[in-house]
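>>> predicted model, plus sequence, below.
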Amino acid sequence: MISVSEAIRLIKKHAIHSNSGEVPLLDALGCVAAESILALTDTPPFDNSAMDGYAFSYEHWDKTSPLKIVGEIQAGTKSDYTLKTQEASRIFTGAPVPEGADTVVMQEKTDRKENLLIITDPNIQANLNIRPQGSQTKQGDLALSKDQLITPATISYLAGMGLDKIKVYKKPTVGIILTGKELIKPGQTLEKGKIYESNGIGLQAALRNLHIETASILTVDDKEEELVNAIKKMMYFDILILTGGVSVGEYDLVPAALEQCGVKKVFHKIKQKPGKPIYFGVHSKGIVFGLPGNPAAVMSSFYYYIQTAIGLFMKRDLVKKIELPLDKEYTKRPGLTYFLNGKTTQTGVEILSSQLSYMLNSFAVADCLVELEEDKEFFEKGTLVDVLKFI
Ligand SMILES: Nc1nc2c(c(=O)[nH]1)N[C@H]1C(S)=C(S)[C@@H](COP(=O)(O)OP(=O)(O)OC[C@H]3O[C@@H](n4cnc5c(N)ncnc54)[C@H](O)[C@@H]3O)O[C@H]1N2
Ligand code: MOO
């Protein structure tokens, strides 16, 4: 059995590193830009109005007499006239400012009688309510730096500059194999000896949280031939995740089946709780995690180990730990690192009550994993501990 830190070191050594490629803008959500982007055009592309109101030339405005309204410009249209002295144009938010105008007054600050306009606010300033061409980004400016995380706002920003694709570090492809004769789908009637399969959807949800769609999920019986066939079908994924069948019983066939398929074991078993029998291996096209079947072990292994690997593909640090004081004292067995589900509070972190690896009732309401170091047994109230907040 190896330590948690050695397991992380080995995953970092063997996980296949980032691969970049162009993707449609929406698919870049949650990815990191693999190129810097220079603005192709000025944004905004033309001087336009920030308000619904009237455009006029402040410079030539005679405040003692009304302005004459000579036209109207809607957003999406353009004006074909140049305003002369003491002329104004009705204008709407986003519409191009007509030639000859340098200021827009919002309609609430005017009094209009037919086509005559009086500006009622004496404090109007020149250039008010005009959004100048290129005031956000000028053609050729650095619009986005390489290595920037793409958020919904980044996507909107880039689309606003006319981009529909971007080069990013690609998300890994992920396949899942669920093993166990006892598994039936939620929604079916439960027979004695069977349980509802829940790891598959849990892993899919955890992946979707990182904007990764699982390409394929297979459920197989604990039969070597079935398992080998399923593994062979799924070996083209960057990351293959199996659940169940990694312990020591006669029906724990995953490590042997992986070996038959040419997967090279990197480690099997970590000094930790839950998820002690976790398996990690490599083959020419990808990496393989064999997670124990217990649902809490699946979840904590995902957050800690699989997110580390996914982060390497995507050039993102997905396992960010913070230090928080324990709200209450805690005693554990020495010799194993504990990953406990917890809840962050105003003052620190609370370790939730039910922590056995077959139970998810407290994990279901947790917002973090608390990592308690291998060698220590007693943690007094206020001890600073590593906390991995869920994304
Ligand atoms: N003699 C020993 N027995 C066990 C040891 C050990 O060291 N010596 N380790 C225990 C620990 S710790 C764990 S964790 C489990 C891991 O067992 P497996 O990886 O072989 O997993 P299974 O036996 O197939 O399943 C464990 C548990 O999880 C349930 N399960 C499986 N798949 C699903 C699923 N998709 N959805 C929901 N629940 C699932 C399964 O029914 C079992 O109850 O081994 C201990 N034993
Ligand atoms: O490692 Mo197991 O997941 O404790 O039951």
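That came in fine, so what should we check first? This one's a predicted model, so the numbers in the text were calculated from it and none came from an experiment. Numbers count the residues shown, from 1 in each chain. Ligands and ions are numbered 1, 2, ... in the order given.
>>> in contact with the residue of the stretch 151-300 of the chain found nearest ligand 1, which residues?
Residue nearest to ligand 1 within the stretch 151-300 of the chain (C-beta to the nearest ligand atom): G293, separated by 2.5 Å. C-beta: built from backbone N, CA, C; applies to glycine. Residues counted as contacts of G293 (C-beta atoms under 8 Å, 6 or more residues apart in numbering) are T179, G180, N199, T243, G244, G245.
>>> could you redo the last one with a cut-off of 6 Å?
When contacts are counted by C-beta atoms under 6 Å, 6 or more residues apart in numbering, G293 touches T243, G244.
>>> same question for A28.
By C-beta under 6 Å, 6+ apart, the residues touching A28 are I150, I166, V168.
>>> doesn't S5 belong to a helix?
Yes. Residue assignment for S5, taken from DSSP: H, G, I helix; E, B strand; the rest coil, places it within a helix.
>>> any idea how far I150 is from E35?
Distance, I150 to E35, by C-beta to C-beta, to the nearest Å: 12 Å.
>>> and the strands in the stretch 101-250 of the chain, which stretches?
103-106, 110-113, 116-119, 130-131, 142-144, 165-169, 174-179, 183-184, 195-196, 216-220, 239-243 (DSSP state E, counting those that start in this stretch).
>>> what are the boundaries of the helices in the stretch 1-150 of the chain?
Per DSSP state H, counting those that start in this stretch, the stretch 1-150 of the chain carries helices over the ranges 4-14.
>>> same question, the stretch 151-300 of the chain
Applying DSSP H, counting those that start in this stretch to the stretch 151-300 of the chain gives helices spanning 152-159, 199-209, 224-233, 254-260, 295-301.
>>> just checking, what packs against the longest one?
With contacts defined as 3 or more C-beta pairs under 6 Å, 6 or more residues apart in numbering; DSSP states H and E, the secondary structure elements packing on helix 199-209 are strand 174-179.
>>> up against ligand 1, what does the stretch 251-391 of the chain have?
Contacts of the stretch 251-391 of the chain with ligand 1, taken as C-beta under 6 Å from any ligand atom, map to D252, P274, K276, P277, P292, G293, N294, P295, A297, S357, Y358.
>>> need these in a markdown table with pLDDT and distance to L67, can you?
Converted to a markdown table, those look like this (pLDDT from 0 to 100; distance: C-beta to C-beta, whole Å):
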| residue | pLDDT | distance to L67 |
| --- | --- | --- |
| D252 | 88 | 85 |
| P274 | 97 | 75 |
| K276 | 97 | 80 |
| P277 | 97 | 81 |
| P292 | 97 | 77 |
| G293 | 97 | 77 |
| N294 | 97 | 76 |
| P295 | 98 | 72 |
| A297 | 98 | 74 |
| S357 | 95 | 76 |
| Y358 | 96 | 77 |
